[in-house]
Structure formats: structure tokens, C-alpha cells
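# Predicted model and sequence below, questions to follow.
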Amino acid sequence: MKKIAVLTSGGDAPGMNAAIRAVVRKAHYHKIDVVGVYYGYEGLYNGNFELLDLGSVGGIIQRGGTMLYSARFPEFKETEMQNKAIENLRKEGIDGLVVIGGDGSYRGAMALTEKGFPCVGIPGTIDNDIPGTEYTIGFDTALNTAVEAIDKIRDTATSHENTFIVEVMGRNAGDIALWTGLAAGAETVLIPEEEFEIEDIVARLERSAARGKRHSIIIVAEGVMPGHKLGKILEERTGVQIRVSVLGHMQRGGAPSARDRVLAGRLGARAVELLLEGQAGRAVGIQNHAVVDYDLKEAYENEHKADVSLYTLSKELSI
Ligand code: ADP
């Protein structure tokens, strides 16, 4: 193997740049050239390539987003698109591809691998929703951003004796909500993985009020329902005004945390090693502090499971 390519795909996540840097530097360490593909699979189809030398990834380890840009390109499910992508890669003398993205991106990587073009996946998403890895690149940063925001909201909630609903991201996963809830000491956390009754939330609010506490923070994962909808339901039920804050895309941006940078470095380097070992269709991840690799299919055929013991814990700690 003399030349490999790297792309970022799907939703961007802080730490993707650190992963690109790790791929480029590790490959150069082994005297392998790296081509950057712009705009994910769309760029693969259009041949939007650029050779990345050592300097091209200088000064990006601390930057959020992705220097290679990302794109959603649903057409990549079509086999003709995939064939054209492989043709473009081969024309450039590229014989391996590192895909940084979520489970949708992994499907594209597996499709290419099954057509004979070796790919390896690196988990890059703030949602932490990829089976087979305990953490994804970007999750820790998103978490810290959300906690910082909620700390500020709590200052206002405390001063004005308000109940706040804070909607956090996570798509269908409750990880951001769970971890944020524990870290920010939220009174209630709602995640898609656990059913809840509106009456339970009302009872919690009433219990808090009865012991003199007049402010409360409820964190709702976007996969449960929109924060404003929950606010309406609770207002109608309690007659008390409820403020709603939707954190939105701020959770996807910003400088990656130290933990995400280190994770990106470790996973990026391992992805290159796998390609050099002649392995294909593998995903890298982290389990019990160790870097692991597994079949890409395991990442999208299995269901992600949030650690619901944290849900129980957050209830116990917020009585
Ligand atoms: P994520 O990778 O973050 O889960 P998406 O689900 O949007 O994000 O997937 C990113 C891109 O991966 C899609 O826009 C598409 O180009 C490609 N992709 C998704 N699913 C498939 C599939 N079944 N086959 C081939 N490519 C796919």
C-alpha cells in the first residue's frame, strides 16, 4: 500500500480534524501518501481530491468542524455511484480509504469494501451512538459545551426561581442527555431509551417545591420530543410558567476537548495500521480504555445502547 485517502462524512463533530491529522501523520510515518477527499462521499464521486502533506494538517488539532468539509449524499447508496468512486480512487493510485463519520457513513464504507476497495471506519459523531465503541469522537466536547450552557442557565433559574427545560442533541440516543444531566446536576433527565410519565415529572416538581426549592432543570433529549412541546404539556398540567432552551448546533462546534483529541489520535493511528495490515471493512473504537477493532457491520446492524444505569443514578442523585 502506497497511498490512502481520508474523508469525513455525515454530521460534523469536534475532533474530526484531530483524527484527519492523526491519519495523515501516521501514514507519513510509514512513508504512505494521503489524499484528502472533500465533501465526503460526494467528493469521492466527483473526484474532489487533494494530496495532504505533513504541513497541510498543521494547526488543526485544536479546531472544531472538519477541514475536509462534510456532506450528506444519499445518492451514494446507488451502486453506479460507488463504482465511479472506486474508479476515481484507483485512477489516483489510492488503495485504501479511511472514513470518519457515523453509522450511515459506515454503510458507505462497507459497500466499497464489499466491492473490493478496503475501507476502515473511525467513529466521529457527538451522539455517541455507534455500537462497538464506548465513546465516539466529539461526544466529550459536546457534553462539556452542554454542561457549560446548563450551568449558566441554572444561574438564571436559581435567581428567578424558574423551571427550565433544556433540549439537548443526540438523535435517537440519550447519551448526551444522560451524561449532561449527571454532570450538571439536573433535577430530571428524559431519554428515548426510558419511558416516562408526565405525572412523574409533575410529582417531582411538586416535591421540590414542597421542600422550598423553586427552580428546576429538566433535560430532554431531542429523540424524546421537542423541548417546546414538553414545555407546553407541563405548563398546561401545572399552570406554572416554564422556560425552554434549545441548545442546538452549538453542541456540534467549538474546540475539541483534550479527551476527544487524544481519542482521535489513537483511533486515527490505528485505522492506518489496519489498512497497512491488509485488513478491510473494520471499524475502530475504544473499550475499557483500549483501542479495539471490529466488523463495520456490527456498528450498524446492532442497536446502540446507552448506559441506562446512569439514568437510575441520575434519579437517585436528584431526589
Ligand atoms: P452519519 O454518518 O453521521 O450517520 P448519515 O446517516 O447522513 O450520517 O450518512 C452519511 C452519508 O453516508 C450519507 O449522506 C451517504 O452519502 C452515506 N450513506 C449512508 N447510508 C448509506 C448506505 N446505505 N449506502 C451507502 N452510503 C450510505
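Received, thanks.

# Check which residues of stretch 287-300 are buried.
291, 292, 293, 294, 296, 297, 299, 300 (16 or more other Cβ atoms under 10 Å). All C-beta spots, glycine's among them, are computed from the backbone N, C-alpha and C.

# I misspoke; the intended subject was stretch 75-94.
Buried-residue list, stretch 75-94, by 16+ other Cβ under 10 Å: 76, 81, 82, 85, 86, 88, 89, 94.

# Specify which member of these is nearest to residue 59.
Nearest to residue 59 among the buried residues of stretch 75-94: residue 94, at 25.3 Å, using Cβ to Cβ.

# residues in contact with the one helix or strand in the chain whose mean pLDDT sits lowest?
Every helix and strand in the chain was compared by mean pLDDT, DSSP states H and E; the lowest is helix 198-210, with a mean of 90. If you take Cβ atoms under 8 Å, 6 or more residues apart in numbering as the criterion, helix 198-210 is touched by 163, 187-188, 190, 214, 216, 218, 233-234, 237-238, 240, 319.

# Just the buried ones from those residues?
163, 187, 188, 190, 216, 218, 234, 238.

# just to revisit the earlier point, ok, then the element right after the least confident helix or strand of the chain?
strand 216-221 (DSSP states H and E).

# Residues contacting that next one, please?
Contacts of strand 216-221 (Cβ under 8 Å, 6+ apart): 150, 153-154, 157, 163-170, 173-174, 176-177, 180-181, 184-192, 201, 204-205, 208, 227, 230, 234.

# what about 7 Å?
150, 153-154, 157, 163-168, 170, 174, 176-177, 180-181, 184, 186-192, 201, 205, 208, 227, 230 (Cβ atoms under 7 Å, 6 or more residues apart in numbering).

# Now the terminal residues of stretch 214-230, how far apart.
End-to-end span of stretch 214-230 (Cα to Cα, to the nearest Å): 19 Å.

# So which bits of the helix or strand containing residue 23 are buried?
Secondary structure from DSSP H and E places residue 23 in helix 16-29. Going by neighbour count (16+ other Cβ under 10 Å), the buried part of helix 16-29 is 16-28.

# Sort out which one of these lies nearest the ligand for me.
The shortest approach to the ligand among the buried residues of helix 16-29 belongs to residue 16, at 10.9 Å (Cβ to the nearest ligand atom).

# wait, that closest one sits on residue 99?
No: using Cβ atoms under 7 Å, residue 16 is not in contact with residue 99; the gap is 11.3 Å.
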